[in-house]
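Enquirer: pasting the sequence and the predicted coordinates here, then a few questions.
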Amino acid sequence: MNTSVNNTWKSSRILIGILVLASLLLPLLFGKNQYNMILLTTIVLYSVLSTAWNIIGGMAGQLDLAAGAYLGLGAFTSGTLVIRYNITPWIGMILGGIVAVAFALLIGYPLFRFGVREVWYALSSSALVEVLRVAFLMWEDVGGPIERFIPYHDWSLYHLRFGTYTPFYYIMLFFLFFTLYINHRIRNRKLGYYLLSLGDNEDAAEVLGVDARTCKLKALVIYAFIVGATGAVYACLYGFIHPSFFSSPISLEVAILGIVGGMGITYGPLMASVILVSAREILRASLGGQMESFYLIIYAVVLIIIALFRPKGIGHMFQTAVSRLAEKRNRAVPATGGNRNGE
Amino acid sequence: MPFFPTGKEGTYIFTPLVFLFYAGNFLILNPEERNINVNTIIQGILNGSMMGCIYALIALGLSIIFGVMNIVNFAHGDFVMLSMYFTFWAGSLFSIDAVATPFITFPLLFLFGVVVYFLIIEGTLRQKYVTQIAVTVGLMTLLRALAQIMWKAQARALPYSIIQGSVNIGEITLMTSRIISALVSIAAIFVVALFFDKTWPGRAIRAASDDLDAASLMGVNYRWIYAFSFGLGSALTALAGGLLMSFQQVDPTMGLRFGLLSWCILALTGMGSIPGLLVSGIIVGSAESISMSLWDPRARSLIIYLIFVLVLWLRPRGIFGRK
Amino acid sequence: MGDKIILQTESVTKKFGNLLAVNKVSFDIFEGEVLGLIGPNGAGKTTLFNTITGLYQPDGGRVLFNGIDISGIQPYKVCKLGMSRTFQVTKAFGSMSVSEAVRVGAYNRHGEKNVAEKVDEILDFFQLSEIRDQKCSDLGLAPLKRVELARAAATDPVLLLLDEAGAGLTATEMAELMNMLKVLREKLNITLCIVEHVMQMVMGLCDRIVVLDHGVLIAQGLPVEISRNQSVIEAYLGKRAVK
């Protein structure tokens, strides 16, 4: 193995360590300002969602547009349980994930058969969000047009309610670490290889023993579960549940972040989230409520531009830049061995 | 008939299932809410069928694009919404009736489709399928967001059209606008079918969608075929939009509803059968109409989606690829 | 070469619309042999392969693999049972490296613990170790074909179907391929069925030959017999050539 790759690996581990530490310490800098904390939490939230999306979108190659559906299902499951039966969202998370998975399988199962074009899953998933929204609006008992508030607590780990946003930030952060880890695990083991091969050439993969349907379903289940569980925390974060959680804009955003970030690159969606979600919040702050939909226009334009010109996404652009840099550094090292990266 | 009928079996298995579904619905409703009345049902079916013809026209546009280029335009429903707004402007600006607007909006939307093709779609043709779908999703998002900013939530409608009025058959009232719209849609579908079957450009397009390489060898330029198909598919929404505007209003959120209707009809019909689209359209339209009158007006998209999911589970040959 | 039949097609038929691509074809493959499947272009050889391996569903007849009826079952299941194949037009995993592509095949019978070892073994055998980290989309035709072969072999098949593995290769590359196939058969005990147009390969490698023309099986037997068979010569060169 050439040294430039070695150096990159070493540097990346150091970098990861630094980033993890920084992210853990961030609240110390911003903790006093609640507006900043919710901004950070939102960025991390979208990072979780888009990194999870990477599993179904980037690796399994399905354009899933149902993130909002699974999020809402998780929120309603956990929220209803906490409101009516005082069951902790820690359990609600798991149940929310399961409910989300059930609905995911409803549309995924028939559609992941060998030979079915990806477009049908994309269509069903995008419609699922809207349909659930209408259904929950009509379902007066559990949903209905009025927000259902989750009881307020100043600091309850049991109810997952806090007076500040900081604990939510940490919870979301750990969700993020977990999701990134899952991504990494899948990538480097059988499922990842199988999914990648399906994306490249489904026919060839099938004759090599890859069960397309089972692999895609596995990816879907993992993704839906994570999003559903996140939905439970989402409900506690906002303090209420409402059918508007079944949001098409969120679903689109998550998919766009996943695509723009770079399908299949683990940290790609994370990068895209940091950049785009911050941009969105800045836009919202300066333009105000009138231009709510404006950020969607930006997202859409970015998506189209990336799809046309840099389809591999930001993550890939970053990777290429890093490896070019590593090459340059390698050339700067004298041929007699040893390297300057401080061994 | 042009193209090869493949999805009909699905359509015919479905219809009884859909009616079973309504029967099921009855059992759930409270007795007081049931206004079971033969006339209500017949009215629902007739109204729905007429709307279904218009939906079929919209789905035809989608089907052409899908059949030729293998791309499902996610933004198709929003093209309908867009054409309805164009109709509104053309109608207000030139003080013409909604039904006359397609003379303006049809070429306008055709041009729009061609431009969209060259600007956005063509660049993705060499890439992964997911990316190709993704750009149309981007387009949909863009159009919807633009519409919401420009027109807010205000619905727009044109003043009374020339085809207003109603016809009474016994206890059933049918709006003339819908009858005429349905007839025009059927005629348009028929014309398009003839185009693909009998005319040289139509057959060239069919050839290209079957085998691109062979067609190019015979001097057919695929870029223009794709552009034309995309333009035609989009332009058909202008025709539907004009008809719809004669008795409906338009708001920025309608794109989703028309999109869902088109995909459902497409899934139900499978690929290749143009008359099949009409049959599916009528089924879907009646389903929507009956569920709105007997259950809840808000439930219209639920029913359509339910049908959609049922189709996907029961696998009509149109969708599934294994030969 | 034993007497055990590992693949049997019984009257297999495949239609596309009105076109009978494969018409009631029946033949057997014996364990350990190299069977050649030849015929003029359009004879239906690839369609037959696709039907046997599950990419197409047969419209008539059945396919038996080691006694099990595999007609129309999904391709991945066919692989799990021990049959693998390569494609006439290479279907490479463009974004993956050579070793990654082979690894996909190796996962068929190996878990995480052994898979890396198996990959190294296969790469070695097919002389791909030097280019193991190169992306498949960057490779030329000959190495790509070897990767296809390696991938399929990594699944530990009992029967390997090769669709025109020799197409587009130079004489030297072809000789290398033939050697590799011979070793494959001897060392790894893999039965081979090859579709080929290149006569040297067919005559040099095959124990028996089956000939297809317009979807119909017109002859089968030893290479020597086939080269003298009237209908075969007619099929390739036309009726007048026989006279």
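Expert: Cool, got the structure.
Enquirer: the longest helix belonging to chain C: what's the following helix or strand?
Expert: As assigned by DSSP state H, the longest helix anywhere in chain C is helix C:171-187. The first helix or strand that comes after helix C:171-187 along the chain, using DSSP states H and E, is strand C:191-195.
Enquirer: which residues touch that following strand?
Expert: C:6-7, C:29-38, C:45-46, C:49, C:88, C:158-165, C:181, C:184-185, C:201-202, C:205-206 (C-beta atoms under 8 Å, 6 or more residues apart in numbering or on different chains). From N, CA and C alone the C-beta is placed, and that goes for glycine too.
Enquirer: separate out the buried members of those residues.
Expert: Neighbour counting by 16 or more other C-beta atoms under 10 Å in any protein chain shown classes C:6-7, C:29-38, C:45-46, C:49, C:158-165, C:181, C:184-185, C:201-202, C:205-206 among the contacts of strand C:191-195 as buried.
Enquirer: just the ones of those residues in strands?
Expert: Among the buried ones among the contacts of strand C:191-195, the ones falling in strands (DSSP state E) are C:6-7, C:29-30, C:34-38, C:159-163.
Enquirer: out of the residues you listed, which one sits closest to A:Ser273?
Expert: Within these, proximity to A:Ser273 (C-beta to C-beta) peaks at C:Asp163, which comes in at 45.1 Å.
Enquirer: C:Glu148 versus the nearest residue to that closest one once chain neighbours are set aside, what's the distance?
Expert: Of all residues not flanking C:Asp163 in the chain, C:Gln88 sits nearest, at 4.3 Å (C-beta to C-beta, 6 or more residues apart in numbering or on different chains). Computed as C-beta to C-beta, to the nearest Å, the C:Gln88 to C:Glu148 distance reads 10 Å.
Enquirer: also A:Gly199?
Expert: As for A:Gly199, its distance to C:Glu148 is 18 Å (criterion: C-beta to C-beta).
Enquirer: with B:Ile307 instead?
Expert: 43 Å.
Enquirer: A:Leu198 is in contact with A:Ala212, isn't it?
Expert: Yes. With contacts counted by C-beta atoms under 8 Å, A:Leu198 reaches A:Ala212, the gap being 5.5 Å.
Enquirer: quick one: contacts for A:Asn33?
Expert: A:Asn33 neighbours (C-beta under 8 Å, 6+ apart): none.
Enquirer: how about A:Phe149?
Expert: Neighbour list for A:Phe149: A:83, A:239-240 [criterion: C-beta under 8 Å, 6+ apart].
Enquirer: again, only using 7 Å
Expert: Listed by C-beta atoms under 7 Å, 6 or more residues apart in numbering or on different chains, the contact set of A:Phe149 reads A:239-240.
Enquirer: test of understanding: give the bridge partners of it.
Expert: Counting by DSSP bridges, A:Phe149 forms beta bridges with A:Phe240.
Enquirer: now swap in C:Asp28 and tell me
Expert: Beta-bridge partners of C:Asp28, counted by DSSP bridges, are C:Gln8.
Enquirer: what about it, neighbour count?
Expert: 16 (other C-beta atoms under 10 Å in any protein chain shown).
Enquirer: quick one: the helices in chain C, in order.
Expert: Counting by DSSP H, the helices of chain C are C:45-52, C:75-81, C:98-106, C:112-125, C:141-154, C:171-187, C:199-205, C:223-228, C:230-237, C:239-242.
Enquirer: mean neighbour count, those: which tops it?
Expert: Among the helices of chain C, ranked by average contacts under mean count of other C-beta atoms under 10 Å in any protein chain shown, first place goes to helix C:98-106 (a mean of 27).
Enquirer: helices and strands around it, which ones?
Expert: Applying 3 or more C-beta pairs under 7 Å, 6 or more residues apart in numbering or on different chains; DSSP states H and E, we find helix C:98-106 packed against helix A:190-200, helix C:112-125, helix C:141-154.
Enquirer: swap the cut-off to 10 Å and go again
Expert: With contacts defined as 3 or more C-beta pairs under 10 Å, 6 or more residues apart in numbering or on different chains; DSSP states H and E, helix C:98-106 has these neighbours: helix A:190-200, helix A:202-207, helix C:112-125, helix C:141-154.
Enquirer: how big is the angle separating it from helix A:190-200?
Expert: Interaxial angle, helix C:98-106 versus helix A:190-200 (axes from the mean of the first three to the mean of the last three C-alpha atoms, to 10 degrees): 110 degrees.
Enquirer: how far does helix C:98-106 sit from its chain's centre?
Expert: Here helix C:98-106 shows a centroid-to-chain-centroid distance of 19 Å under the convention C-alpha atoms, centre = their mean, to the nearest Å.
Enquirer: and for stretch C:82-97?
Expert: So, by C-alpha atoms, centre = their mean, the centroid of stretch C:82-97 is 12 Å from its chain's centroid.
Enquirer: for it, buried residues please.
Expert: Quick answer for stretch C:82-97 (16+ other C-beta under 10 Å): C:82-87, C:90-93, C:95-97.
Enquirer: can you check stretch A:244-252 too?
Expert: Residues of stretch A:244-252 classed as buried: A:245-252 (neighbour count, 16+ other C-beta under 10 Å).
Enquirer: which one of the residues you listed is nearest chain B?
Expert: Ranked by distance to chain B (C-beta to the nearest C-beta), those are led by A:Leu252 at 5.3 Å.
Enquirer: for that closest one, which non-adjacent residue is spatially closest?
Expert: With sequence-adjacent residues excluded and distances taken as C-beta to C-beta, 6+ apart, A:Leu252 is closest to B:Thr141, at 5.3 Å.
Enquirer: that neighbour contacts A:Ile256, doesn't it?
Expert: Yes. Using C-beta atoms under 10 Å, B:Thr141 makes contact with A:Ile256 at a distance of 7.7 Å.
Enquirer: pull up the overlap in contacts between those two.
Expert: Contact criterion C-beta atoms under 10 Å, 6 or more residues apart in numbering or on different chains; residues shared by B:Thr141 and A:Ile256: A:296, A:299-300, A:303-304.
Enquirer: of those, which belong to helices?
Expert: If you go by DSSP H, these have A:296, A:299-300, A:303-304 in helices.
Enquirer: spatially nearest residue to the residue sitting nearest the centre point of chain B (excluding sequence neighbours)?
Expert: Geometric centre of chain B, nearest residue: B:Ile58, 2.4 Å, by C-alpha atoms, centre = their mean. Distances taken as C-beta to C-beta, 6+ apart place B:Ala240 nearest to B:Ile58, at 4.8 Å, with adjacent residues excluded.
Enquirer: about what we covered before: the residue nearest to the centre of chain B: what's it in contact with?
Expert: B:Ile58 sits next to B:76-77, B:79-80, B:83, B:185, B:233, B:236-237, B:239-241, B:244, B:258-259, B:261-262, B:265, B:277, B:281 when contact means C-beta under 10 Å, 6+ apart.
Enquirer: please apply the same query to A:Thr77.
Expert: Going by C-beta under 10 Å, 6+ apart, A:Thr77 touches A:89, A:92-100, A:142, A:228, A:231-232, A:235, A:241.
Enquirer: contacts only, for the residue of chain C found nearest chain B.
Expert: Using C-beta to the nearest C-beta, the single residue of chain C nearest to chain B is C:Tyr56, 5.3 Å away. Neighbour list for C:Tyr56: B:322-323, C:14, C:16, C:21-22, C:47-50, C:72, C:75 [criterion: C-beta under 10 Å, 6+ apart].
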